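Enquirer: can you look at this prediction? I've put the sequence above it.
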Amino acid sequence: MTIRQLTTYILALLLVTTCKRTNKINPDNVESVALIKTTHPYIGDRVDSIKLDDKLILEFLTDFADKKEEVTKFYSCYVIKIRLKDGQLISYRTNGQVFEKFKDDNTTATYFKLNQDINIVSKYWKIPKEQFCATKQITTADIKGNWYLNKWTMYHTLKFDEKTLFIDNHIDSVLYSNYFLDNDTLILQDSDSTIRYKNKIIAITRDTLIIRSFGNGADILGYSRTKREWKNE
């Protein structure tokens, strides 16, 4: 190996090492960038996903690359997911200024902090810091009426009035319970106001209700305003 070849090899090795250490991402390799809101960044359910405008990816990656390794404890419900064109997915839990790298690639450092005094979530997704991880107060008006699971199973039909929830099930009986709403949680009560169940409402729209199963079940149930032909289960 000549001196010139050796010098070229050393420079290439240094470049690769530097890129690995700083975790710089080539914009040409990026398919998309999205901000995910979850109920819990490790084990929680996805609440919302906001894709970054493709025109902002280059600027975002430039800001994102300007960071240093620093261990910092922090809370956040946000995860930034960078999807590469080769199918790889790179994920960071973040509050917009500090980051925890999830172990889905070969990055050596786990925690990072931006060098600039900016909040990357506020800058690129326009979410004010005071509204971070805010939960929506679901109202009776949002949930009132009939919801259909469209499966012949437990809790196949829910009917909400002002204060009472009626639950139709596959054993041809109707259960009922008093209820109230606390932000994004449906709380069922006995007649003496004792709380029986708390059910997380994962999402609600005009036509869709996604909620954790009643009782001790871990299932997620998806209801519709539209009644369709039932499926036996």
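Expert: Okay, I see it. Numbers count the residues shown, from 1 in each chain.
Enquirer: got the domain ranges for this protein?
Expert: Split into domains by automatic domain parsing, the chain comes to 20-131, 140-232.
Enquirer: any idea how far the shortest one is from the chain center?
Expert: By that I understand domain 140-232. How far domain 140-232 lies from its chain's middle: 22 Å, per Cα atoms, centre = their mean, to the nearest Å.
Enquirer: next one: stretch 126-135
Expert: That offset, for stretch 126-135, works out to 14 Å (Cα atoms, centre = their mean).
Enquirer: use 50 as the first number from now on
Expert: Renumbered: residue one is now 50, and that last one reads stretch 175-184.
Enquirer: distance between the ends of that stretch?
Expert: 17 Å (Cα to Cα, to the nearest Å).
Enquirer: list the buried residues in it.
Expert: For stretch 175-184, a neighbour-count test (16 or more other Cβ atoms under 10 Å) marks 176, 181 as buried. The C-beta positions use only the backbone N, C-alpha and C, and glycine is treated the same way.
Enquirer: follow-up on the earlier one: as TSV, the domains of the chain with mean pLDDT would be great.
Expert: TSV is the format used below for the domains of the chain (pLDDT from 0 to 100):
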stretch	mean pLDDT
domain 69-180	84
domain 189-281	83
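Enquirer: burial count for residue 205?
Expert: Residue 205: 19 surrounding residues under other Cβ atoms under 10 Å.
Enquirer: list the contacts of it.
Expert: Residue 205 is in contact with 197-199, 217-219, 279, counting by Cβ atoms under 8 Å, 6 or more residues apart in numbering.
Enquirer: so among those residues, which ones count as buried?
Expert: Neighbour-count burial (16+ other Cβ under 10 Å) applied to the contacts of residue 205 gives 197-199, 217-218.
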